[in-house]
Every structure is written in structure tokens, then in C-alpha cells.
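> Below is the sequence, then the predicted model.
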2 protein chains.
Amino acid sequence: METKKTTTKEINKMCKHNIRAIHDTLDVIGGKWKISIISCLSFYPMRYSELLREVEGISGKMLSRELKELEMNQLIVREVLNTHPITVQYQLTEYGETLKPLTLSIADWGVNHRKQIIG
Amino acid sequence: METKKTTTKEINKMCKHNIRAIHDTLDVIGGKWKISIISCLSFYPMRYSELLREVEGISGKMLSRELKELEMNQLIVREVLNTHPITVQYQLTEYGETLKPLTLSIADWGVNHRKQIIG
DNA sequence: CAGTATCCGGTTTGATACTG
DNA sequence: CAGTATCAAACCGGATACTG
């Protein structure tokens, strides 16, 4: 009988474990725009100005700030191209690609949710 | 040749579509604590005071506010139990359960990320 | 083009004290 | 127990102007 008690204490532990993990994830992609940026870059690399156009509503300040943070967390790479004038390209790292399924799930749920509340 | 051009314009469209969807999702579960709360409740229904203990760091004010918003979006149900003194239980709705896979993915990524940055 | 600097209002959040 | 009320601090984020 001893072994059958997956009780409060156990679940409590799993609960806190999950919360800590969720917190860790949100530290990295929790900003207002980060997931959107990652979602964009998962199509193909983009320049600063392209992102500015694609991510509707974002300001230049926010974009560069979020990009910097994503870069710090090794999710994207910044690459200065040798053009005139200089252009800068951002792309997902291999590690950043591991977020693709997540951004897709989030987008999927959103699509369904919209159907739900409209219908 | 016409049909082969899945070009900028097309991708642009998908990009914005996804961003809108992501935005829709975040409107609902985008708060600082919402995903954690949902993650907790996905183990079993909990009372207000239990959640206050489980979701480390949250204040009473925030908890009740986030719960109210989750309830408004029909992700959880509030049920007043006939005890002395009164206790209140929160649990996921069927619709709220559809977020379970998402919260799990988010937690999983966080676990892995912690390994990554420590290792 | 790709940002940075500054200013500034609005929102979010926490602490604390209180209520039924 | 399950909240609400109030105040103050912190942070977020937009507009604008500027740099290399």
C-alpha cells in the first residue's frame, strides 16, 4: 500500500518543478515580442527593417532590444553583411530552431481560439 | 514557372498570420503567472490558498486577478464549496485542458534549457 | 540602413492593511 | 478562508530626434 500513495507531497513537488521550468522558459522568450520575432525568423533570415515591417506594431527600440536579448540567449545570430549601405541579417541558431514547435503550437492554439470565440 | 514562386509576398502573409495567432494566444495566457496557474491546475483542482502556496512568488492580488481573467476566458471554473469556513476551488474547464500540451512543452523546453546553460 | 539616447506617460506589480 | 482597497515603486514601451 505504501507505494500507491502518489499524494499531495509528490504532486506538490512536480507542480513546483514545472513552475520553475516554465519560469526558465519565460525568462528567455517571455517578452512581448520575442515569440513573434522567432516565429518570423523561422521562415527565413531577415533584416532589421524587414522585421520592423513584419512584426506589426513593434517599435525600433523594442525590436533592437528584443533582438539583443535573443542574441544573448543564443537563439539568434546577428550578421553584418558587406553591402552599401550596411545591412544586418538575423537568423535562428540551431538552438533557436528548437523553439519552432513551441511557436507553432502557440500559433495553432491562437487560430483555434479565434474560431472558438467568433463562432 | 508561375506556380513555383512561393515568394516574399506569400511568406509575408504567413508570417503576419502567425503573429496575429500568437498575439491571440498571448492575450489569453500571456500574463506573468497564467501559464503557471494552468500548469498547477492541470494536476488537480486547487483552492485559492493552495495556489498561493504552489505558485511561488505570486501575491494574493495577482492570483485573484489572474484567476478572474482565466475564468472570463473560460479556461477555469470557480466553485464555492459549502464548508466552514467557505472554501473555493478552481479547476480547468475542458477548454482549459486544451492548453495542457502547451504548458508541458513550455516546461520541457525550460528543463532542457536549464541543462544547457548549466552544462 | 541600423540602430542609440532621451523623455515621459501608462501599466503592472508588490506590500500592507482591511473585510465578510 | 478568500478575497478587496489603497498606495507607491518599478518597469514597459512609444515618440522623437539623433548617429555612423
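Ah, there it is.

> can you list the residues of chain A near DNA strand D?
Residues of chain A lying near DNA strand D by Cβ under 7 Å from any atom of the strand: A:G31, A:K32, A:G57, A:I58, A:S59, A:G60, A:K61, A:M62, A:P85, A:I86. All C-beta atoms are positioned from the backbone trio N, CA, C, and that covers glycine.

> so of the residues you listed, which ones are in helices?
Residues of the residues of chain A next to DNA strand D located in helices (DSSP state H): A:G60, A:K61, A:M62.

> residue closest to the middle of chain A?
A:I35 (3.2 Å; Cα atoms, centre = their mean).

> Give the rounded mean pLDDT of the helix or strand that residue falls within.
Using DSSP states H and E, A:I35 sits in helix A:34-41. For helix A:34-41, mean pLDDT is 97.

> quick check, nearest of the ones in helices among the residues of chain A next to DNA strand D to B:Y48?
Ranked by distance to B:Y48 (Cβ to Cβ), these are led by A:M62 at 35.4 Å.

> what about the strands in chain A?
Along chain A, the stretches classed as strands by DSSP state E are A:46-47, A:76-81, A:87-92.

> Check which strands are paired with the last one and give the direction for each one.
Taking DSSP bridges as the criterion, strand A:87-92 sits next to strand A:46-47 (antiparallel), strand A:76-81 (antiparallel) in its sheet.

> Is the longest helix seen in chain A positioned near DNA strand C?
Assignment by DSSP H gives helix A:8-29 as the longest helix of chain A. No - against DNA strand C, helix A:8-29 shows no contacts by Cβ under 7 Å from any atom of the strand, the least distance being 10.7 Å.

> picking that back up, pipe the strands of chain A into a markdown table and attach distance to B:Y95, mean neighbour count and mean pLDDT per row.
A markdown table is the format used below for the strands of chain A (distance: least, Cβ to Cβ, whole Å; neighbours: other Cβ atoms under 10 Å in any protein chain shown; pLDDT from 0 to 100):
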| stretch | distance to B:Y95 | mean neighbour count | mean pLDDT |
| --- | --- | --- | --- |
| strand A:46-47 | 35 | 18 | 97 |
| strand A:76-81 | 34 | 14 | 97 |
| strand A:87-92 | 32 | 17 | 97 |
